[in-house]
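**Student:** structure, please.
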Amino acid sequence: KLPAEAQPGAAARAAEAALAAGAEADAVRWLATLAAGQEGEARAKTLARATAAVDALGLEDAEGLRRALPPDSPLQEPLAMKVARVHLHLRDYAGAEATAREVFLRWPHGPYADDAKRLVDRISRLTYVRPNVLGVAVPLSGNFKRWGEAILQGVSLALEGSGVKVAVRDTRGEPDGAAAALEALVLEEGAIAVLGGVTNAEGERAAAAAEELQIPFVSLSKQEGITAAGPFVFQNMLTAREQADALVGLAMGKRGMRRFAILYPSMSYGVELANAFWDDLEARGGEVRAAETYAPDRTTFTPLVKSMVGKLYLEERGDWQEQSRDIAQKEKDPFRRRKALEKAREKLPPVTDFDAIFIPDFAKNVKLIAPALAVEDVLTQTCEPEALEKLKKLTGRPDLRPVQLFGANGWGGDPGLFDQSPGGAGRHVRCAIYVDGFFAGSARPGTKRFVEAFERKFPGQTPTILEASAYDAAGMARQVIEHDRAQTRAALRDGLAAVRGFKGATGELTMGADRTPERELFFLTVDSNGVREMKPEELAGPGAGGM
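**Tutor:** Predicted coordinates:
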């Protein structure tokens, strides 16, 4: 209703107000109105501002403006390109492709024509699938190269005799490298699925990229919660939570233990396991009676053990205060009094008001901690009654009771921990129980078949959990590709989610609701011959030699 000469100024003020209020759709309308009455440089500047505002629009506003503005409006092209990009972001590939084609067909010489063509090409490559190609994204250079090579060994063994091909990309063990590897496996190789992402950092980034690219991804990282990235992300690697659940289930559910001590190193491995164990046992009604942490490079553990069993800060113990008063009354000579106190201190029994000690550390430290426990008369040979009776006589403590040692998969990294020769560390961890996601010496049929096949293919090598987990991940993917005839990534995703009772190297696997495997872990113990897998009857109740 304003006079013609006043309308441009009003449109400009309305556009400024809309921009200041964050109402970009209104701003685009007013800027389009303003530009319609302008020419030359002024019009170009107005249209540039309108185009910048278009970039901030959502799908609904962009599509609404396309309908509202005249078909010949110069803003139709940037609006159409915005709609195409939002459809791509929402993974509506059909909608994105149709709108992008409109851009370069309707405005072949426009500023967005080349971008639209590239978008169509990207969608074409994103949606192209080679059903017989499995991608592997692992470190093949850098500090984690050995991990990548181990995974490739497991994959190659799982795919022997199949028509499934492998396409490999190097992640360098880095987050950006992992994202780039997944994109290359999708856009350049047309892989139907990808496995890898072994380090925690690259695993998380790869999971996010897989969800963005809508490709099934089986992470071989131990990172907790990695499948929360979305329904295309799976995991097949032992986690801290999985180990803690298994150990607490045995200790509390099968052995009736309720009170625990925890000794753990102040590094991510130890902290994650200690926290998971602590949370789990408290959730079941258990109690932590003592907890000690230490630097990973610590070499002397006697003070730490003394603190844990009440032999470091003696002023807090009533029995010690009573003994001290008695000695002070009996021995008036300072020298004799001091000697009597030293002798009494040496004979002071440890306060072991816990049923078990959990040590989530690697073997090199366990080899030092276990003897330190023995020095302080903490008996851990729970499966050897004769050792208990011997110590009772030596200490004159008929009430002495043993304490169970528990460990995690880090214990299996050094066979020297289980050395039973004179002077070896093995005698100090006799009867201990630790858990792992793989044990090459297992009698389980699936594990035995894998180990035998691996040692034939790679003479002189013994497989670890990396090779075994990769073997199972590739084996499950192969099963879905060959037996379920999956031709699309969505079909393979659904097939992996439906895996039940897959007999693999790491056990019989069933994919859980969170797309992580449900399986029985390997419980291992130490006897006079070294480390061995525990028998089912030992796990059913009081076990390991009749505990």
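**Student:** please name the nearest non-neighbouring residue to residue 217.
**Tutor:** residue 210 (3.3 Å; C-beta to C-beta, 6 or more residues apart in numbering). Using the backbone N, CA and C atoms, a C-beta is placed for each residue, glycine as well.
**Student:** show me what contacts the one you found?
**Tutor:** Taking C-beta atoms under 8 Å, 6 or more residues apart in numbering as the definition of contact, the neighbours of residue 210 are 182, 194, 216-217, 229-230, 232-233.
**Student:** what about it, helix or strand, and which?
**Tutor:** Following DSSP states H and E, the helix or strand that holds residue 210 is helix 200-213.
**Student:** for stretch 176-191, which positions count as buried?
**Tutor:** 177-187, 189-191 (16 or more other C-beta atoms under 10 Å).
**Student:** out of those, the closest to residue 204 would be?
**Tutor:** Using C-beta to C-beta, residue 178 is the member of these that lies nearest residue 204, at 8.6 Å.
**Student:** quick revisit: ok, so what distance separates the residue nearest to residue 217 from residue 91?
**Tutor:** 12 Å (C-beta to C-beta, to the nearest Å).
**Student:** what does residue 433 give?
**Tutor:** Counting by C-beta to C-beta, the separation of residue 433 from residue 91 is 47 Å.
**Student:** between those two, which is the more surrounded one?
**Tutor:** Taking neighbours as other C-beta atoms under 10 Å, residue 433 and residue 91 compare with residue 433 leading, 27 against 13.
**Student:** strands along the stretch 251-400 of the chain, start to end?
**Tutor:** Using DSSP state E, counting those that start in this stretch, the strands assigned to the stretch 251-400 of the chain run over residues 259-265, 287-294, 356-359.
**Student:** got these as JSON lines, with distance to residue 335 columns?
**Tutor:** Conversion of those to JSON lines gives the following (distance: least, C-beta to C-beta, whole Å):
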{"stretch": "strand 259-265", "distance to residue 335": "37"}
{"stretch": "strand 287-294", "distance to residue 335": "35"}
{"stretch": "strand 356-359", "distance to residue 335": "38"}
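**Student:** out of these, which is closest to residue 165?
**Tutor:** Among the strands of the stretch 251-400 of the chain, the nearest to residue 165 by C-beta to C-beta is strand 259-265 (42.7 Å).
**Student:** pairing partners for the closest one, with directions?
**Tutor:** Strand 259-265 pairs in its sheet with strand 287-294 (parallel), strand 356-359 (parallel), by DSSP bridges.
**Student:** could you dump the ones you listed into TSV with mean pLDDT added?
**Tutor:** Written out in TSV, the entries for those read as follows (pLDDT from 0 to 100):
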stretch	mean pLDDT
strand 287-294	94
strand 356-359	96
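**Student:** which one of those strands has the most crowded surroundings?
**Tutor:** For the strands paired with strand 259-265, the stretch with the most neighbours on average is strand 356-359, a mean of 27; neighbours defined as mean count of other C-beta atoms under 10 Å.
**Student:** for the longest helix along the chain, buried residues please.
**Tutor:** The longest helix of the chain (DSSP state H) is helix 465-482. Along helix 465-482, the positions that meet the burial threshold by neighbour count (16+ other C-beta under 10 Å) are 465-481.
**Student:** can you give me the buried ones in stretch 24-42?
**Tutor:** Buried residues in stretch 24-42, defined by neighbour count with 16+ other C-beta under 10 Å: 24-36.
**Student:** nearest residue to the residue nearest the centre of the chain other than its sequence neighbours?
**Tutor:** Centre of the chain computed as the mean C-alpha position; nearest residue by C-alpha atoms, centre = their mean is residue 223, 1.4 Å away. Of all residues beyond its chain neighbours, the one nearest residue 223 is residue 200 (4.3 Å), with distances taken as C-beta to C-beta, 6+ apart.
**Student:** how many other residues sit next to the one you found?
**Tutor:** Taking other C-beta under 10 Å as the neighbour definition, residue 200 ends up with a count of 16.
**Student:** next one: it relative to residue 173, how far apart?
**Tutor:** Relative to residue 173, residue 200 is positioned 10 Å away (C-beta to C-beta).
**Student:** residue 93 too?
**Tutor:** Plainly put, residue 93 is 32 Å away from residue 173 if you go by C-beta to C-beta.
**Student:** cool, and residue 430?
**Tutor:** As it turns out, when the distance is counted by C-beta to C-beta, residue 430 lies 38 Å from residue 173.
**Student:** likewise for residue 164?
**Tutor:** If you measure residue 164 against residue 173 using C-beta to C-beta, the figure is 25 Å.
**Student:** I'd like to know which elements the next helix or strand after the helix holding residue 210 is packed against.
**Tutor:** Secondary structure here is assigned by DSSP H and E; on that basis, the next helix or strand after helix 200-213 toward the C-terminus is strand 217-219. Other helices and strands packing on strand 217-219, by 3 or more C-beta pairs under 8 Å, 6 or more residues apart in numbering; DSSP states H and E, are strand 191-196, helix 200-213, strand 233-235, helix 465-482.
**Student:** how about 6 Å then?
**Tutor:** The contact analysis (3 or more C-beta pairs under 6 Å, 6 or more residues apart in numbering; DSSP states H and E) places strand 217-219 against helix 200-213, strand 233-235.
**Student:** name every strand pairing with the shortest one and say which way it goes.
**Tutor:** Under the criterion DSSP bridges, strand 233-235 sits next to strand 217-219 (parallel) in its sheet.
**Student:** give me the contact list for the strand it pairs with.
**Tutor:** The contact list for strand 217-219, computed with C-beta atoms under 6 Å, 6 or more residues apart in numbering, reads 194-195, 197, 203, 207, 210, 226, 233-236, 473.
**Student:** now do that strand, average pLDDT.
**Tutor:** What strand 217-219 shows for mean pLDDT is 98.
**Student:** just how off-centre is that strand within its chain?
**Tutor:** 11 Å (C-alpha atoms, centre = their mean, to the nearest Å).
**Student:** same check, this time on stretch 314-332
**Tutor:** Mean-position distance between stretch 314-332 and its chain equals 52 Å (C-alpha atoms, centre = their mean).
**Student:** nearest to residue 495, of the contacts of residue 210?
**Tutor:** Each of these was scored against residue 495 by C-beta to C-beta, and residue 216 proved nearest at 8.7 Å.
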